[in-house]
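Trainee: Predicted model and sequence below, questions to follow.
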Amino acid sequence: MLEYPVERVNLGGVNFPIRFQYMQTLRRYFAPFCRYKGPVDFPETVSVPPEEVAARMTDFGGESFTEFNLLLYHLCNLLLPYGRCLFHGVAFCIDGRAWLITAPSGTGKSTQYRQWKAVFGDRVRLICGDKPVLEFTRGGDVVVHPSPWRGKERWRGGAPAELAGIIYLEQGLHNEIRPMPVPEAVVPLYAQILYQPQTEEQLCQAGSMLDELLRRIPVWKLVNTGDEASVCLTYDTVCKKGGY
């Protein structure tokens, strides 16, 4: 197999040296994240062995798409020591502040984002369509960054922004939004932090970031029908009236 040069991939401000086995993986998914300058932060080259790709092909399909998904499994753990994590949700920006729409897969996150675009147009800017990187800064802010993992729609995101709040989505027969108390939010949000716990240290790192997220960022539960009215309700309750 042809061995490609090591590429420097920036995820949430951390530069990882990655050797891709398939050039299509780099071109299709990671190219926008290889344009950053600066030193490499991670001391070892990250790579998915060809035998690991071959063993998981039946799970994902083609070689490139398999490598792409396996890199997610490798990198989600490597981000933790840098105060960053991959988080399952649609991240967008409105009026300069970022919001996360999160919920289990198939709950309607993409539909809800489409409604935000339909209602507010260019005031809404996508950051990441599926798995953004959350950065926990020393100053107390949480910054949302794009990542190569954009979801099945493959929406291309944009610049990072400071996180204002999290909207936990639930399908229902009516529209209702309310603050989500910390005891209620702990388990649902922990399930959205993407990592493969292999050590006690990684468990502690993820737990610490969840604690920081819940202390710093308000969480709202939105029961919704997936219509534009649910977006207007959310905006009026959380954004327009200073809910954050």
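Mentor: Looks like it arrived, so ask away. All of these numbers come straight from a predicted model, not from anything done at the bench. Numbering: from 1, shown residues only.
Trainee: what's the spacing between the most centrally placed residue in the chain and C93?
Mentor: Here the mean C-alpha position of the chain is nearest to the C-alpha of P132 (Cα atoms, centre = their mean), at a distance of 2.1 Å. Distance of P132 to C93, given as Cβ to Cβ, to the nearest Å: 11 Å. All C-beta spots, glycine's among them, are computed from the backbone N, C-alpha and C.
Trainee: Kindly report the same for W99.
Mentor: W99 sits 8 Å away from C93, going by Cβ to Cβ.
Trainee: Now do L210 against Q171, distance only.
Mentor: Applying Cβ to Cβ, the value for L210 to Q171 is 24 Å.
Trainee: wait, N224
Mentor: 7 Å.
Trainee: the more surrounded of these two?
Mentor: Per other Cβ atoms under 10 Å, whichever of N224 and Q171 has more neighbours is N224, with 26 against 14.
Trainee: That one touches I167, doesn't it?
Mentor: No: counting by Cβ atoms under 8 Å, N224 does not reach I167; the two are 9.4 Å apart.
Trainee: who touches both of the two?
Mentor: Counting by Cβ atoms under 8 Å, 6 or more residues apart in numbering, the contacts common to N224 and I167 are Q112.
Trainee: and the one helix or strand V187 maps to, what does it pack onto?
Mentor: Taking DSSP states H and E as the definition, V187 sits inside helix 182-190. Counting contacts by 3 or more Cβ pairs under 8 Å, 6 or more residues apart in numbering; DSSP states H and E, helix 182-190 is packed against strand 161-171, helix 200-216, strand 219-224.
Trainee: give the contact list for I18.
Mentor: Contacts for I18 (Cβ under 8 Å, 6+ apart) come out as 6-9, 30, 45-47, 71.
Trainee: Buried subset of those, written for ChimeraX?
Mentor: Remark: buried members of the contacts of I18, expressed as a ChimeraX selection using 16 or more other Cβ atoms under 10 Å:
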select :7,8,9,30,46,47,71
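Trainee: OK, contacts around the spatially closest residue to Y113 that is not a sequence neighbour?
Mentor: In space, and not counting its chain neighbours, Y113 is closest to V90: 4.8 Å by Cβ to Cβ, 6 or more residues apart in numbering. Counting by Cβ under 8 Å, 6+ apart, V90 touches 100-102, 109-110, 112-113, 126, 128-130, 151.
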